[in-house]
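K.L.:
Below are the sequence and a predicted model for it; my questions follow.
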Amino acid sequence: MQVEAGPLLEKINYPADLRKLKVEDLEEVCKELRQYIIDVVSVNGGHFGASLGVVELSVALHYIFDTPYDQLVWDVGHQAYGHKILTGRRDLFHTNRLYGGISGFPKRTESEYDTFGVGHSSTSISAALGMAVASHYKNEKDRQHIAVIGDGSMTAGLAFEALNHAGVENSNLLVILNDNCMAIDPNVGALKEYLTDITTSESYNKLKKDVWKVLGPISKFGPNAREIVKKVEKSIKGSILKQSNFFEALKFRYFGPIDGHNVAHLAKVLEDLKHIPGPKLLHCITVKGKGYALAEQDQTKWHAPGLFDKITGEIKKSATVAPQPPKYQDVFGHTIVELAEKNPKIMGITPAMPSGSSLNIMMKAMPDRAFDVGIAEQHAVTFSAGLATQGMIPFCNIYSSFMQRAYDQVIHDVAIQKLNVVMCLDRAGIAGADGATHHGAYDLAYMRCIPNIVVSAPMNEEELRNLMFTAQQENMGPFVIRYPRGNGVMTDWKRPMQAIEVGKGRKICDGEEIAILTIGHIGNYAVKACSELNAEGISPAHYDMRFVKPLDENLLHEVFNKYKKIVTVEDGCLVGGMGSAVLEFMSDHGYNAQVKRLGIPDRFIEHGEQPELYNECNYDAAAIIKTVKELAGEHSAKLMAI
């Protein structure tokens with residue numbers, strides 16, 4: 001749904017138009033931009049609070065810097081809605097995150113203003129430093145490079161690695177720390193406390209304006225003056241607030257904290273910083289959800305609230321009144337508490353996604369046994385491994401796409417040592433509107449090649465509970481459970497748990513001529529397909545593999561001995577996935593059958609709703625029906641020829 005922009009915003013198609021305005025006009029531009037985001041997101045959905053919090057920063061950056069020549073990197077892309085609207089995509093913004101529309105994140109193929117694709121956090125400083133070093137090499141001395149990073153993203157190891165490198169490069173790099181004490185959930189850890197100390201130090205804030213008064217004008221009068229300013233500034237900061245030495249110890253010039261919602265002051269400060277060479281960090285204090293009261297009050301809820309009434313704030317829900325199956329994440333959240341009440345060794349770990357993974361249920365019930373470690377997936381896995389060495393049974397819950405960042409730790413710290421770490425991979429398979437950066441397409445492939453590891457996927461909520469129950473048995477070793485974003489299929493899911501034999505699949509229904517092998521939730525699409533096929537007189541068998549490692553070899557021997565036409569279906573990449581495992585088994589054991597694999601093809605899948613993308617990737621119920629009919633038709637044609 002297209003909405004109207006305000007009178008000033010309507011005239012801004014690109015940042016060059018913004019720069020024609022007077023500084024006094026910027027506050028009104030911010031009001032109109034904020035309202036435009038509210039108007040569009042309320043009716044089309046998407047991320048909300050993060051972009052509202054950086055409206056003033058977005059306007060000031062494009063006003064002062066010569067984008068796209070000056071290179072701006074957003075971290076993470078949740079913040080970039082205002083940036084997109086100001087850079088040629090205002091009239092397309094109503095298609096944001098919709099199938100075939102613009103991406104919800106910065107994307108290089110979408111706009112020259114999107115200098116770096118950002119879906120995962122904490123990449124901006126590394127990327128901007130790479131750009132800055134390249135510009136220095138090409139003698140582009142006037143080119144500016146700006147990384148906007150949230151305080152939540154700053155907790156990841158990659159951000160610290162980049163700061164460490166940037167401090168010794170004399171590159172023209174400005175890091176803007178957008179400090180709102182929030183990722184999706186409230187930030188945690190020592191860095192958060194450190195930043196809070198800076199922002200609440202009365203003595204420091206009392207003198208920071210004086211530092212700015214000295215810094216701006218004098219620093220423009222040559223290198224000697226800048227050195228004097230640097231020494232004075234360092235002396236004042238060091239004597240008043242010793243903690244501020246953290247960034248300066250990494251050889252960054254630290255400025256701030258300043259009000260991130262005062263657009264005129266932001267513009268002045270950014271103009272001053274343009275003339276200061278070398279690595280700099282500007283600390284901006286913002287409010288996530290700024291300008292929409294409900295979003296300011298409950299920042300987690302309004303990170304991505306879905307559709308809502310912008311006047312009343314009522315979040316719109318489905319009109320369905322019948323009981324709905326729960327989300328898989330909620331089944332995990334309630335089940336881990338149920339298990340932990342009986343098993344004192346169980347602990348829960350998540351990297352900054354307590355509400356997204358529903359580990360917040362355990363954090364509330366058992367705060368001493370559940371840990372949010374911040375955006376630090378590598379640490380989450382190795383921390384879990386450390387717990388396991390002491391006899392604990394950690395359930396490490398990480399989105400499938402984010403687990404890619406901790407792959408070495410899975411191999412080196414967990415699998416080699418055969419530690420009983422239960423890795424619950426949420427959002428496995430097609431994740432939906434977040435697109436290519438968030439699809440959990442690769443976990444079956446990248447996990448099944450690791451020795452000493454169990455890799456499983458439940459077909460429904462009951463199976464998820466049973467797999468969790470199985471994984472916490474003694475001496476189970478590394479155990480992966482992957483499940484999708486969204487709802488399951490059972491309303492009556494809280495059933496007594498029982499152990500599942502590791503590596504044991506199950507037959508859903510017997511059949512003739514053709515066998516369908518599935519793994520995980522997508523098996524429910526095969527159930528629907530089989531029902532429709534049966535009504536047409538075609539009766540394929542259906543097997544739920546449950547495990548991609550170890551494979552149920554007895555089940556596969558049964559299948560290959562009985563069927564010469566086999567369809568494999570998975571919500572994961574075809575290259576190296578469950579279908580590939582079946583082909584390997586067939587080859588290793590000398591079977592000869594026609595195997596058709598359905599799953600995510602060998603390309604990056606863009607954003608859209610899950611059903612739309614299942615259809616595009618050709619493994620929804622309709623695709624299964626079509627494939628089975630084609631195979632059955634080939635079989636019938638051969639019989640008629642005989």
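P.N.:
Arrived safely. What you are looking at is a predicted structure, and each value in this text was computed from that prediction instead of being measured.

K.L.:
Contacts for whichever strand or helix holds I398 next, please.
P.N.:
Element membership for I398, per DSSP states H and E: strand 393-399. By Cβ atoms under 8 Å, 6 or more residues apart in numbering, the residues outside strand 393-399 that reach it are 332, 336, 343, 345-351, 353, 356-357, 359, 377, 380-381, 383-384, 387-388, 406, 420-427, 431, 438, 440, 468, 471-472. (Each C-beta comes from the backbone N, C-alpha and C, glycine too.)

K.L.:
same question, stretch 283-299
P.N.:
By Cβ under 8 Å, 6+ apart, stretch 283-299 touches 34, 38, 48-50, 52-57, 176-180, 182, 186, 195, 198-199, 254-261, 266, 302-303, 305, 313.

K.L.:
Identify those among these that sit within helices.
P.N.:
34, 38, 49-50, 52-53, 55-57, 195, 198-199, 266 (DSSP state H).

K.L.:
From those residues, list the buried ones, please.
P.N.:
Burial by neighbour count, judged by 16 or more other Cβ atoms under 10 Å, picks out 34, 38, 49-50, 52-53, 55-57, 195, 198, 266 from the ones in helices among the contacts of stretch 283-299.

K.L.:
out of the residues you listed, who's nearest P550?
P.N.:
A50 (42.3 Å; Cβ to Cβ).

K.L.:
close enough to count as contact, that closest one and H83?
P.N.:
No - look at A50 against H83 with Cβ atoms under 8 Å: they stay out of range, at 11.5 Å.

K.L.:
just the strands in the stretch 201-350 of the chain please.
P.N.:
With strands called from DSSP state E, counting those that start in this stretch, the stretch 201-350 of the chain shows them at 253-259, 280-285, 346-350.

K.L.:
Buried residues, the first one. List them.
P.N.:
In other words, strand 253-259. 253-258.

K.L.:
Least confident of those residues?
P.N.:
For the buried residues of strand 253-259, the minimum pLDDT belongs to G256; the value there is 84.

K.L.:
What's the local residue count around the closest residue in space to it that isn't next to it in sequence?
P.N.:
Spatial nearest neighbour of G256, chain neighbours left out: H283 (3.2 Å); criterion: Cβ to Cβ, 6 or more residues apart in numbering. H283 has 21 neighbouring residues, counting by other Cβ atoms under 10 Å.

K.L.:
distance of H283 from D75?
P.N.:
15 Å (Cβ to Cβ, to the nearest Å).

K.L.:
closest to Y563 among the ones in helices among the contacts of stretch 283-299?
P.N.:
A50 (50.7 Å).

K.L.:
could you list every residue that touches that closest one?
P.N.:
Applying Cβ under 8 Å, 6+ apart, the residues contacting A50 are 78-79, 150, 288, 303.

K.L.:
Run the chain-centre distance for the strand holding I398.
P.N.:
16 Å (Cα atoms, centre = their mean, to the nearest Å).

K.L.:
Adjacent strands (with direction) for it?
P.N.:
strand 346-350 (parallel), strand 422-426 (parallel) (DSSP bridges).

K.L.:
Tell me which helix or strand comes right after the first one.
P.N.:
Tracing the chain past strand 346-350, the next element assigned as helix or strand by DSSP H and E is helix 354-357.

K.L.:
For that following helix, name the packing helices and strands.
P.N.:
For helix 354-357, the packing partners by 3 or more Cβ pairs under 8 Å, 6 or more residues apart in numbering; DSSP states H and E come out as helix 328-342, strand 393-399, strand 422-426.

K.L.:
Adding mean pLDDT, write those out as JSON lines.
P.N.:
Shown next, in JSON lines, are those (pLDDT from 0 to 100):
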{"stretch": "helix 328-342", "mean pLDDT": "98"}
{"stretch": "strand 393-399", "mean pLDDT": "98"}
{"stretch": "strand 422-426", "mean pLDDT": "98"}
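
K.L.:
closest one to G157 among the ones you listed?
P.N.:
Among the helices and strands packed on helix 354-357, if distance is taken as Cβ to Cβ, the winner is strand 393-399, at 14.7 Å.

K.L.:
A622 and Y614: what is the separation?
P.N.:
9 Å.

K.L.:
Which of those two has more residues huddled nearby?
P.N.:
Y614 (22 against 15).

K.L.:
Was I right to think that one contacts Y525?
P.N.:
Yes - counting by Cβ under 8 Å, Y614 touches Y525, with 7.5 Å between them.

K.L.:
Surely I276 and R253 touch.
P.N.:
Yes - counting by Cβ under 8 Å, I276 does reach R253; the two are 6.7 Å apart.

K.L.:
what touches both of those two?
P.N.:
By Cβ under 8 Å, 6+ apart, no residue touches both I276 and R253.

K.L.:
thinking again about what came up before, C-terminal to the strand holding I398, what's the next element?
P.N.:
Strand 393-399 is succeeded, C-terminally, by helix 400-403 (DSSP H and E).

K.L.:
who does that following helix touch, helix- and strand-wise?
P.N.:
helix 377-389, strand 422-426.

K.L.:
one more time with 10 Å, if that's ok
P.N.:
helix 377-389, strand 422-426, helix 443-448, strand 479-482 (3 or more Cβ pairs under 10 Å, 6 or more residues apart in numbering; DSSP states H and E).

K.L.:
Next, the buried residues of stretch 102-119.
P.N.:
102-107, 110-111, 113-119.

K.L.:
ok, the residues you listed vs V582, which is closest?
P.N.:
For those, the nearest to V582 is G119 (31.1 Å; Cβ to Cβ).

K.L.:
The closest one: what's its closest spatial neighbour, skipping adjacent residues?
P.N.:
T437 (2.3 Å).

K.L.:
Can you read off the pLDDT for that neighbour?
P.N.:
94.

K.L.:
Assign it to helix, strand or coil.
P.N.:
coil (DSSP: H, G, I helix; E, B strand; the rest coil).

K.L.:
pretty sure it contacts H120?
P.N.:
Yes - T437 is within contact range of H120, at 6.0 Å (criterion: Cβ atoms under 10 Å).
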